[in-house]
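Asker: here is my input; please provide its structure:
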Amino acid sequence: MPGGRLTHEDRRQIAGGLAAGLTPTEIATRLDRPLSTVTREIARNGGPERYQADRAHQATRERARRRPPAPEGGDHATVSELEEQFTELMINTGLSRMTARVLTSLYLTDSGSLTAAELAHKLQVSPASISKAIGELEQQELIRRERDPRRRRDRYVIDADAWFRGWLASARQNTLLADFARRGAATLGATSPAGARLGDIGDFFDHVGQAMLQAAEQWRQTYNARRTSG
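Answerer: Numbering: from 1, shown residues only. Coordinates of the predicted model:
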């Protein structure tokens with residue numbers, strides 16, 4: 001069952017494969033599991049040198065007991081699988097694993113907001129790890145911060161505008177790259193090979209940036225119209 005959770009027997013086979021010198025890819029193939037599932041299982045349970053099937057299985061059961069109730073409409077196994085898939089997608093966009101896990105947690109939480117303490121408890125990591133991930137997400141404008149006056153702490157919020165803000169931030173970055181490349185072309189001379197190359201790069205990023213801004217505005221108009229009509 002490639003989409004299901006690892007069983008105790010699966011973990012014994014992982015341990016046996018590691019002892020036999022197999023790579024995670026070979027182990028994943030034998031188990032008919034995604035490579036990401038196997039590598040994550042090994043990494044969170046001591047790594048290739050210290051992985052033990054019984055200890056890994058017990059640790060997983062303890063994490064499951066500490067986990068808060070599953071959101072309405074999904075059991076823990078289904079939600080966990082969705083979290084893993086979402087996290088892998090976010091990693092493929094360039095986010096670090098911890099930052100991707102924080103973003104996934106915010107997206108899949110019904111309230112769409114969590115405090116740093118809640119994130120640290122949910123992900124079983126240190127507050128410092130959460131702080132670093134939050135900083136990266138705020139820099140890319142993928143989340144926003146709200147002050148909770150009752151609890152006197154910040155809440156980190158994901159909303160419908162999150163990707164809109166992130167898209168605009170990326171478009172602005174492309175504009176900065178375009179300006180820099182064109183200044184570089186002028187410095188090196190537009191007729192020199194390096195200057196011509198930078199000029200082409202500047203034209204490319206300017207075109208992409210403008211197209212991104214237009215696409216974002218079209219989406220905003222469509223989204224607002226849908227909300228108004230609904």
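Asker: how about the top helix by length along the chain: buried residues?
Answerer: When every helix of the chain is counted residue by residue (DSSP state H), the longest turns out to be helix 193-229. Within helix 193-229, the residues that count as buried by 16 or more other CB atoms under 10 Å are 195, 198, 199, 201, 202, 205, 206, 208, 209, 212, 213, 216. In short, each C-beta sits where N, CA and C put it, glycine included.
Asker: show me what it is packed up against.
Answerer: Helix 193-229 sits against helix 162-188, with contacts defined as 3 or more CB pairs under 8 Å, 6 or more residues apart in numbering; DSSP states H and E.
Asker: show me the contacts for the most centrally placed residue in the chain.
Answerer: By CA atoms, centre = their mean, the chain has its centre lying nearest to residue 100, at 2.1 Å. Each residue near residue 100 by CB atoms under 8 Å, 6 or more residues apart in numbering is listed here: 87, 88, 90, 91.
Asker: same thing with residue 30?
Answerer: Residue 30 neighbours (CB under 8 Å, 6+ apart): 13, 17, 22.
Asker: the helix or strand where the first one lies - contacts with which helices or strands?
Answerer: Right, the one you point to is residue 13. In this assignment (DSSP states H and E), residue 13 forms part of helix 8-19. The helices and strands touching helix 8-19, judged by 3+ CB pairs under 8 Å, 6+ apart, are helix 24-31, helix 35-43, helix 53-66.
Asker: need the contact partners of the longest one.
Answerer: Okay, so that is helix 53-66. Contacts of helix 53-66 (CB under 8 Å, 6+ apart): 6, 8, 11, 12, 14, 15, 41, 44, 45, 46, 76, 124.
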